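Participant: Build me a model from this:
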Amino acid sequence: MSTTTNTTSLPNILLIGATGRTGRLVLESALTRGYKVTALIRPSSTLPSHPSLTISKGSPLETGDITTALATTNGPVVLISTLGQTRTSGNPFAATTSPPLFMSASATAVAEAIKGQPADKVKKVIIMSMFGTNSSFSNLNFLMRATMTYSNMRQTLEDQNAVDKVIKESGMVFVMPRPAMLKGDTALSVKILGDAGEKSGFMPSVSAKSVAEFILDATVSQEWDGRTPVLAN
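Facilitator: Next up, the predicted model:
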């Protein structure tokens, strides 16, 4: 997976979710590649300083805060969101720590903020989804379908399904990668298992670093625009 890019042709990035597991990796790689990044983070959060990083404090649920963050960027922007539902542990039955429909509320705020921008301001939105969302649910193995239906992952699935609907109905140019189970932190070659995971095996997985690199590649490529590629290693 290439990380060599002509920095003179890079869009700016507005990153939502920069303090999360995948978001931190997106931020780190984006700065290494030469992007200028604005990170929208909550007032209580912090990130290490960097000459190409602008911090905008606010809520990912507030249209006004997203609009303010967009105002810090110059030229074309790609908005990336790596927000995710959280639980007290990785156990699918662990208690949830995010409100229901948290991510879809943010997606709605994103769509509203972008409506108020000039037509050429935001080139596309890249929203991290997951394998199992909407059309890909039937291609999960039976164990994963049961887990997502009967554990606390159900809240995540319902939220991701709602995000999918909001973004597709918004009219924005989008990419919504659907990572398989996140496993490991090494950047490996990414396999595309179809937009609905129709090419998946029994238990595919992908590293968070691989997902981050795919997201950044998608900022400058039109190959995945309007698609929901399921990612695996």
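Participant: Give me the pLDDT for Thr8.
Facilitator: On the pLDDT scale, Thr8 is placed at 61.
Participant: ugh, wrong one, Thr5
Facilitator: Thr5 is assigned 52 on the pLDDT scale.
Participant: I'd like to know how far the residue of the chain positioned farthest from its centre sits from Met148.
Facilitator: For the chain, the residue at maximal distance from the C-alpha centroid (Cα atoms, centre = their mean) is Phe142, at 25.7 Å. Noted for Phe142: a distance of 11 Å to Met148, by Cβ to Cβ, to the nearest Å. For glycine as for every other residue, the C-beta is placed from the backbone atoms N, C-alpha and C.
Participant: What distance do you get for the residue farthest from the centre of the chain to Arg178?
Facilitator: Phe142 is 19 Å from Arg178, by Cβ to Cβ.
Participant: does Ile192 really touch Arg227, like I thought?
Facilitator: No - between Ile192 and Arg227 there is no contact under Cβ atoms under 8 Å: 9.2 Å.
Participant: show me what contacts Val173?
Facilitator: Val173 makes contact with 123-125, 225-226, according to Cβ atoms under 8 Å, 6 or more residues apart in numbering.
Participant: Just the buried ones among these, please.
Facilitator: 123-125 (16 or more other Cβ atoms under 10 Å).
Participant: Can you give me the first-to-last residue distance of stretch 83-103?
Facilitator: 6 Å (Cα to Cα, to the nearest Å).
Participant: Now do it, average pLDDT.
Facilitator: On average, stretch 83-103 scores 93.
Participant: Which residues belonging to that stretch are considered buried?
Facilitator: 83-85, 87, 96, 101-103.
Participant: Report the two of the residues you listed separated the most.
Facilitator: Pairwise distances across those (Cβ to Cβ) peak at 15.6 Å, for the pair Arg87 and Leu101.
Participant: Next one, pLDDT for Gly116 please.
Facilitator: Value for Gly116, per-residue pLDDT: 94.
Participant: cool, and Pro11?
Facilitator: On the pLDDT scale, Pro11 gets 95.
Participant: tell me which residues in the longest helix along the chain are buried?
Facilitator: Determined from DSSP state H, the single longest helix within the chain is helix 153-169. Using 16+ other Cβ under 10 Å as the test for burial, helix 153-169 gives 153, 155-157, 159-164, 166-167.
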